[in-house]
Every structure is written in structure tokens, then in C-alpha cells.
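*Asks:* Whatever this is, show me its structure:
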Amino acid sequence: MKEVNCRGLACPVPVLKTKEALESIESGEIVVIVDNKASKENVKRFAQKMGCKVRVEERDGEFHIYIVKGKGEVKREGEKSPSEEKTGKEAAVLIASSFVGEDEELGKILIKGFIKTFLNADPMPKRIILINTAVKLACKGADPEILGALKELSEKGVEIICCGTCLDYFKLLDELEVGVASNAYDVVQALVNSDSVIRL
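*Replies:* This is a model prediction of the structure:
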């Protein structure tokens, strides 16, 4: 079994090393070793998206992620099954701040209005990507109306993707209330696989 040592490596390197290891074998099992929760979740989610079977063991503060790749199980990045084929325009919304524009007071009113209005958009965005201080909008202590709107959007099928590095920087990894803590690789893939990107 191939071992991929990702101890001490920052986002998105563990995911990229996992991708490289999976691409190097036709079928079989690899074990990826990481030493933080965010990397564990990122690698696990990536492998599952690729159609692999995943099992995680925690040992002395490290995570051993066992990934089984079987013939015909793993789909290539960006490849869609018939049920996943696009049925319409897919838009991603990129939010990089907890407020919109230059005036913070006004900007906080605007960001709340925009996020709540996405609930009535037709079509709704496929995904909302939160980076930098915008990750605070999805965490405990955020404006209840914004948090409620994000939760409702998530329930309606909108992917809420939060930058894991940003959450870690602000010490909010354990405070995330909605969406997933993601990595740079997943964020880039979400952007390039969207038909359009709206920046707030």
C-alpha cells in the first residue's frame, strides 16, 4: 500500500498529493497521513468526490486516511455522470469580505440584502464561495439573518464553500455553522467549473 505523508503540509498540498497518488495507480489502496482536522476533511471529501471508498483512523493526533480506488470507480476531475449533467446555467458567487464596497456600515447592510435576495434568484447560484473575512458570515456569532439565509440556501441545494485556510487563520474552524471548510484546490475547481462567477 502506497503511503502519502502530508504531515505539516498546508492547504491545498495534501489534496494535490492525494490526487497525484490516485492518478498513479489503476486500482488499489493508498493511505494519506495528515496532522490537522481541516486537511483530513479536505482529503476525505476529495477522495469521495472521485468515487473512492474512504476510511479514517485517528492515531496520536494524526489522521490516517485509507483510500481505495477500484476499476471503474473513480471518475476524472470535471467528469459528470448523466444525472449530474448541467440542466441550465451554473453560477458561482465569490464573496471576499464580510461587507460590500468601501463603506463598512453601508456594506454590511448590502451584504445582508444580497445574500437574502439570492433565495429568490431564478436560477439560484450553484455555489457561494466565502474567502477572507467573508468566512465569518457562516460562523457562530454572525448576523442571524445572514446565517439563516445561508442555511436556507444550503437546504435548497446551493453549495456553501468556505476557505479552510481563512477559517484556520481566524481560529474559526470549529465555529462553522453552515457549509464546508474547503481548500484552495476545491475553490479553484468550483470557480473554473462554473459557467459564470459573480464577485461581490
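
*Asks:* Domain ranges for the protein, per the record?
*Replies:* Here the domain parsing of the chain from automatic domain parsing is 2-69, 86-199.

*Asks:* okay, those in CSV with mean pLDDT and mean neighbour count next?
*Replies:* The C-beta positions use only the backbone N, C-alpha and C, and glycine is treated the same way. As requested, the domains of the chain are exported to CSV (pLDDT from 0 to 100; neighbours: other CB atoms under 10 Å):
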stretch, mean pLDDT, mean neighbour count
domain 2-69, 92, 17
domain 86-199, 93, 17
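
*Asks:* For Arg127, give its distance to Val93.
*Replies:* As judged by CB to CB, to the nearest Å, Arg127 and Val93 stand 7 Å apart.

*Asks:* and Ile111, what is it in contact with?
*Replies:* Contacts for Ile111 (CB atoms under 8 Å, 6 or more residues apart in numbering) come out as 95, 97-100, 137, 146, 200.

*Asks:* Adding distance to Ile30 and secondary structure, write those out as CSV.
*Replies:* Formatted as CSV, the contacts of Ile111 follow (distance: CB to CB, whole Å; DSSP: H, G, I helix; E, B strand; the rest coil):
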residue, distance to Ile30, secondary structure
Ile95, 35, strand
Ser97, 38, coil
Ser98, 39, coil
Phe99, 43, coil
Val100, 43, coil
Leu137, 36, helix
Ile146, 40, helix
Leu200, 39, coil
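
*Asks:* Please enumerate the strands of this protein.
*Replies:* 2-5, 28-34, 53-59, 62-69, 91-95, 127-130, 159-163, 180-182, 196-199 (DSSP state E).

*Asks:* any chance of the ones you listed in a markdown table, with distance to Val15 too?
*Replies:* Converted to a markdown table, these look like this (distance: least, CB to CB, whole Å):
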| stretch | distance to Val15 |
| --- | --- |
| strand 2-5 | 11 |
| strand 28-34 | 9 |
| strand 53-59 | 13 |
| strand 62-69 | 11 |
| strand 91-95 | 19 |
| strand 127-130 | 16 |
| strand 159-163 | 13 |
| strand 180-182 | 9 |
| strand 196-199 | 21 |
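
*Asks:* quick one, helices of this structure?
*Replies:* Using DSSP state H, the helices found in the chain span residues 13-23, 37-49, 104-117, 144-155, 164-169, 184-192.

*Asks:* Dump those helices to JSON lines, plus distance to Thr133.
*Replies:* Shown next, in JSON lines, are these (distance: least, CB to CB, whole Å):
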{"stretch": "helix 13-23", "distance to Thr133": "24"}
{"stretch": "helix 37-49", "distance to Thr133": "18"}
{"stretch": "helix 104-117", "distance to Thr133": "11"}
{"stretch": "helix 144-155", "distance to Thr133": "13"}
{"stretch": "helix 164-169", "distance to Thr133": "8"}
{"stretch": "helix 184-192", "distance to Thr133": "15"}
